[in-house]
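J.: have a look; sequence and predicted model below, questions after that.
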Amino acid sequence: MFAIIGILVVFGAVLTGYLMEHGHVAVLLQPAELLIIGGAGMGTLLVANPLRTLKKIVSGAMGVIGASKFGKERYLSTLRMMYELLQKARRGGMLTIEGDVEKPEESPVLNAYPEFIKDHHVRDFVCDTMRMVITGGVDAFDMDQMMDLDMEVQHQGTEEPVAALSTMADSLPGLGIVAAVLGVVITMGALGGPAEEIGRKVAAALVGTFLGILLCYGLVGPVSQNMAKSAAEEHAYLYVLRVLMLAFIRGQPPVVAIEVGRRAIPSHVRPSFAEVEEACRNQAAAAPAKDAVE
């Protein structure tokens, strides 16, 4: 929502300032200039990137419109889910959660958290790590290195569309100059004609430069920066899961592991100790009732 408001503010401020100086909006409506800049920009994007990156750019740009996936409620539900999973492992041994991590879609513990199940990056990160713990033979240091490597690969994947879109944004001012130069070429061909016609062609040429700069710094560039922040939020979320699971692997009880994870949550979305304690207490109280029903 804020991204849409920001885009409207950018274009609204530019247009309002232009009108305050008694400019004519019709002069800015240059479909040919927009086609040259937009089409060439999309073309460079297609030439420079494979299909998988283009799909990520589209999904990332659509994600800019909505709210962040990693808010306070998401972290709180994740801590509650991990507490339930680790408590189950501590009570009955690691083999009791083998079915949960092998088939998370069928797990009564994990399937209760649809956000976790739908996010295959996060789901695989947790399940693959716990699967290695169940297998045994890997010490805590090696597990930490393995999770760090996984996070690095995933972060590179999320940064790929950001870099591609940033490159496109950087090219837009240059493509605006291309459109302006073509406009000047057309203007040169009209020399000797009416002064009004020459003036319109010069204005159209200058609009090309204007559009290239505006689209770069007012639209595409900010969208790519928003996508970069989303990638950083996902990386921070995985880091919380990493330190939480590592604490459990090192022998800490689930309560302590959850607190370690809570301390790693970014401060602006970090739930309080009391909120996490209440969530885990409710989960612990619900578990015996669930077992009794089963």
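T.: Happy to help now that I have it. This is a predicted model, so every value here is computed, not measured.
J.: low-confidence stretches in the chain?
T.: For the chain, the stretches flagged by pLDDT under 70 are 1, 283-294.
J.: now do the SS call for the residue lying farthest from the centre of the chain.
T.: Most distant from the centre of the chain: Gly192, at 54.3 Å, with distances by C-alpha atoms, centre = their mean. Following DSSP: H, G, I helix; E, B strand; the rest coil, Gly192 is assigned to coil.
J.: contacting residues for it?
T.: By C-beta atoms under 8 Å, 6 or more residues apart in numbering, the contact set of Gly192 is empty. Heads up, the C-betas are built off the backbone N, CA and C, glycines and all.
J.: please report how far it lies from Ile198.
T.: 9 Å (C-beta to C-beta, to the nearest Å).
J.: same deal with Ser230?
T.: For Ser230, the distance to Ile198 - C-beta to C-beta - is 48 Å.
J.: between these two, which is the more surrounded one?
T.: Higher neighbour count among Ser230 and Ile198: Ser230, with 18 against 15, using other C-beta atoms under 10 Å.
J.: what helix or strand is that one located in?
T.: For Ser230, the element it lies in under DSSP states H and E is helix 221-249.
J.: in that helix, what counts as buried?
T.: Under the neighbour-count criterion of 16 or more other C-beta atoms under 10 Å, helix 221-249 has 221-224, 226-228, 230-235, 237-249 buried.
J.: which other residues reach the helix or strand following that helix?
T.: Counting by DSSP H and E, the next helix or strand C-terminal to helix 221-249 is helix 254-264. Residues external to helix 254-264 that are found in contact with it (C-beta under 8 Å, 6+ apart): 79, 82-83, 86-87, 90, 239-241, 243-245, 247-248, 252, 270-271, 273, 276, 280.
J.: neighbours of Phe273, how many?
T.: Residues lying near Phe273 (other C-beta under 10 Å) number 11.
J.: list the helices and strands the helix or strand where Tyr75 lies packs on?
T.: Using DSSP H and E, Tyr75 sits in helix 72-92. Applying 3 or more C-beta pairs under 8 Å, 6 or more residues apart in numbering; DSSP states H and E, we find helix 72-92 packed against helix 114-118, helix 120-135, helix 221-249, helix 254-264, helix 273-293.
J.: between the ones you listed, which one is nearest to Leu172?
T.: Set against Leu172 and scored by C-beta to C-beta, the helices and strands packed on helix 72-92 come closest in helix 221-249, at 8.5 Å.
J.: packing partners of that closest one?
T.: Against helix 221-249 (3+ C-beta pairs under 8 Å, 6+ apart) you get helix 2-20, helix 51-65, helix 72-92, helix 120-135, helix 140-189, helix 254-264.
J.: quick one on the thing from earlier: with distance to Glu106 as added columns, please give the helices and strands packed on helix 72-92 in TSV.
T.: Shown next, in TSV, are those (distance: least, C-beta to C-beta, whole Å):
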stretch	distance to Glu106
helix 114-118	10
helix 120-135	12
helix 221-249	21
helix 254-264	23
helix 273-293	16
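J.: go through those helices and name the closest to Met143.
T.: That would be helix 221-249 among those, by C-beta to C-beta, at 5.6 Å.
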